[in-house]
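Visitor: Fold the following and give me the result.
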Amino acid sequence: MDFTRVDIIGLSTSPSSGGAYALVLGEVEGNRRLPIIIGAFEAQAIALELEKIQPPRPMTHDLLRDTFEAVDVEVTEVIIDELREGTFFAKVRYRHNGEEHQLDSRPSDAVALAVRVDAPIYVAPVVLDEAGIVAEDESDISSLAQQAEETSEGEEEEGGTQLEQMQKKLEEAVEEENYERAAELRDEIKRLEQEQQQNQN
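Guide: Below is the predicted model:
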């Protein structure tokens, strides 16, 4: 499969998504943009490296880069290769002892690592076809973020009971390590379950 090379166009706050950010990637040879909703920590990790700001202590992605360098691993590229039910999936491809390997990753972590090791970022054509947005105005990153939110919200609302949707949101919050939100969702799920039991009795 031929992957499409992308660059980071920018990061935008996403006001209605509880402190999340939109990472906007853009085709190197094209005008499609791929907005991906990411957590605040990952957004900070990407922004610090883009601005060449050195934190007083290594962040998680700095530690990962330093570990790879220490064991003579070369990160060759990062690929965002799948979109399932509104969730993006990525791979970190690397070379060690002359052999090619890859690791599963969240796109936000993969990109945060890529900017630290100067590795190219690619997107699978099927992902760009499904979630890419043709940008008429490159400076309007916030509108791309809003469109990304609306797309993900629409996908979350497709089918399933309210309880099932809450369970899915809880899983996503845990995956994103947003434990405060996860606790709120857990309490809400318990309340809904109690109401259902009372209705059945």
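Visitor: residues contacting the residue nearest to residue 95 when sequence neighbours are not counted?
Guide: Nearest residue to residue 95 in three dimensions, chain neighbours excluded: residue 74, at 4.7 Å (CB to CB, 6 or more residues apart in numbering). All C-beta atoms are positioned from the backbone trio N, CA, C, and that covers glycine. Contacts for residue 74 (CB atoms under 8 Å, 6 or more residues apart in numbering) come out as 68, 94-96.
Visitor: Let's see which of those end up in strands.
Guide: Those of the contacts of residue 74 mapping onto strands are 94-96, per DSSP state E.
Visitor: low pLDDT regions in this structure?
Guide: For the chain, residues meeting the criterion pLDDT under 70 lie at 1, 14-19, 136-162, 177-180, 182, 199-201.
Visitor: Give me the three-state assignment for residue 6.
Guide: strand (DSSP: H, G, I helix; E, B strand; the rest coil).
Visitor: Could you give the bridge partners of it?
Guide: residue 27, residue 121 (DSSP bridges).
Visitor: Go through whichever helix in the chain runs longest and flag the buried ones.
Guide: For the chain, the longest helix by residue count, based on DSSP state H, is helix 179-200. Of all the residues in helix 179-200, those buried under the rule 16 or more other CB atoms under 10 Å are 181-182, 185-186, 189.
Visitor: out of the ones in strands among the contacts of residue 74, which are buried?
Guide: residue 94.
Visitor: any chance of the ones in strands among the contacts of residue 74 in JSON lines, with distance to residue 40 too?
Guide: Shown next, in JSON lines, are these (distance: CB to CB, whole Å):
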{"residue": "94", "distance to residue 40": "27"}
{"residue": "95", "distance to residue 40": "32"}
{"residue": "96", "distance to residue 40": "32"}
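Visitor: Would you state the strands of this structure in chain order?
Guide: 4-13, 21-27, 32-38, 74-84, 87-96, 99-105, 121-123, 133-134.
Visitor: re the thing from before, counting contacts, what elements does the longest helix of the chain pack onto?
Guide: helix 162-175 (3 or more CB pairs under 8 Å, 6 or more residues apart in numbering; DSSP states H and E).
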